[in-house]
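> dropping the sequence and predicted coords here.
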Amino acid sequence: MSTSTTPPSPEHFFNTVQAYQRTAALRAAVDLNLFTVIGDGAATVPAIAAACSASVRGTRILCDYLTIVGFLTKTGDRYALTPDTEVFLSKRSPTYLGDAVSFLASSEIVNHFDHLASTIRRGSVAKEESTVADENPLWQTFARVMMPMMIMPAQAIADILDVATAGPVNVLDIAAGHGIFGIVIAQRNPKAQVVAVDWAGVLTVASENAARMGVAARHKTLAGDAFSVDWGTGFDIALVTNFLHHFSADVCTTLLKKVAAALKPGGRIAVLEFVPNEDRVSPPGSATFAMQMLGDTPAGDAYTFSELSAMLEAAGFSTATRHPTPGAETLVVGTK
């Protein structure tokens with residue numbers, strides 16, 4: 001029985017059951033370019049509405065709602081961006097994340113949660129409903145819109161691995177997606193050679209990014225299933241970023257054994273994941289990711305550090321260390 005002196009309130013229930021309004025309001029603000037307009041100086045409802053080609057009534061209600069949920073501030077009749085909104089939701093910012101809405105709130109992702117009770121009863125989504133499907137075009141969308149979110153973690157990984165002073169390195173970038181993790185290493189180390197592995201459609205995006213960021217000559221691609229494609233041997237670093245969480249622990253260990261075989265003695269694997277504490281309920285940003293995996297993968301999960309360490313040990317890695325990165329994810333480094 002609870003010993004709290006705070007009287008019961010239905011507020012948390014209503015906030016949760018109507019949370020879809022937050023997603024819709026954010027999506028609308030991104031579609032209307034509202035945050036960029038406010039950042040450019042439009043501060044009152046009439047000015048914001050005119051700049052967004054929207055109604056005064058709709059703009060007023062949207063701006064007030066976004067203030068209530070923390071995306072804007074309001075003083076008198078004037079609105080302004082919060083520090084987070086200015087960095088991540090104004091198109092003037094190099095770390096703009098607004099385009100990620102088209103992936104994170106896509107029907108392909110959201111619809112998996114329409115029948116969550118049935119998924120929980122089975123313990124898994126049906127295989128044909130999983131996002132982890134061969135050549136799923138959803139991952140091309142992911143590659144195109146999610147790179148800004150990963151720039152700071154990619155830079156952190158390059159720093160943690162100290163690639164700038166490593167001399168010539170061969171890098172295997174598994175499930176490369178947008179390619180930013182390997183690309184940043186190639187930028188930091190002019191003697192780095194990168195092999196990016198993913199589905200062919202996704203790799204077109206990685207190649208475009210490598211060309212745009214000046215490392216195309218040292219960024220090669222290898223199309224195919226990471227579990228079956230022959231990526232060769234002799235690598236110094238293997239990047240396995242935001243990939244293991246899609247699969248069961250046994251399947252992850254199988255992949256990690258293949259990665260170990262591809263590395264030189266002393267080679268390192270860099271695993272980027274949402275890593276909850278052993279209690280599995282903290283920190284929230286990492287621990288809640290398990291629900292995403294329940295909703296759209298057959299057997300994925302958010303793995304704890306002890307679970308990831310056990311997988312790496314079973315795969316032949318002698319050490320595993322954990323390192324924080326910007327955002328909710330953790331880097332786990334294993335040494336062969």
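Nice, thanks for sending it over. Numbers count the residues shown, from 1 in each chain.
> would you mark the buried spots in the helix or strand containing N170?
Element membership of N170 [criterion: DSSP states H and E] is strand 169-174. Neighbour-count burial for strand 169-174, counted by 16 or more other Cβ atoms under 10 Å, picks out V169, N170, V171, L172, D173, I174. The C-beta positions use only the backbone N, C-alpha and C, and glycine is treated the same way.
> what's the offset of that strand from the middle of its chain?
Offset of strand 169-174 from its chain centre (Cα atoms, centre = their mean, to the nearest Å): 20 Å.
> what residues does that strand touch?
Taking contacts as Cβ atoms under 8 Å, 6 or more residues apart in numbering, the residues outside strand 169-174 that touch it are 163, 179, 181-182, 185-186, 189, 191-197, 226, 231, 234-241, 243, 255, 259, 262-263.
> any idea of the mean pLDDT for that strand?
What strand 169-174 shows for mean pLDDT is 98.
> quick one, what contacts the nearest residue to P324 once chain neighbours are set aside?
Nearest residue to P324, sequence neighbours excluded (Cβ to Cβ, 6 or more residues apart in numbering): T330, at 6.2 Å. By Cβ under 8 Å, 6+ apart, T330 lies in contact with L272, E273, F274, V275, S286, F305, R322, H323, P324.
> could I get the phi/psi values of T330?
phi -120, psi 140 (degrees, to the nearest 10).
> what does K220 give?
Given degrees, to the nearest 10, the pair of backbone angles that K220 has is phi -100, psi 160.
> and it, how far is that from V194?
Per Cβ to Cβ, to the nearest Å, K220 is found 7 Å from V194.
> more neighbours, those two?
V194 (28 against 16; other Cβ atoms under 10 Å).
> beta partners of the more buried one?
Note on V194: beta-bridge partners by DSSP bridges are V171, H219.
> domain assignment for this structure?
11-95, 117-335 (automatic domain parsing).
> all strands of the stretch 1-150 of the chain, in order?
Using DSSP state E, counting those that start in this stretch, the strands found in the stretch 1-150 of the chain span residues 72-75, 78-81.
> which of those strands is buried the deepest?
Most buried of the strands of the stretch 1-150 of the chain, by mean neighbour count (mean count of other Cβ atoms under 10 Å): strand 78-81, with a mean of 18.
> list the contacts of that one.
Here strand 78-81 has contacts from 35, 38-39, 43-45, 48, 63, 67, 72-74, 89-90, using Cβ under 8 Å, 6+ apart.
> and those, which is closest to G316?
L89 (43.4 Å; Cβ to Cβ).
> only the buried residues of stretch 184-202, if you could.
Those would be 184-189, 192-199, 202, for stretch 184-202 by 16+ other Cβ under 10 Å.
> go on, stretch 275-285?
V275, P276.
> thank you, goodbye.
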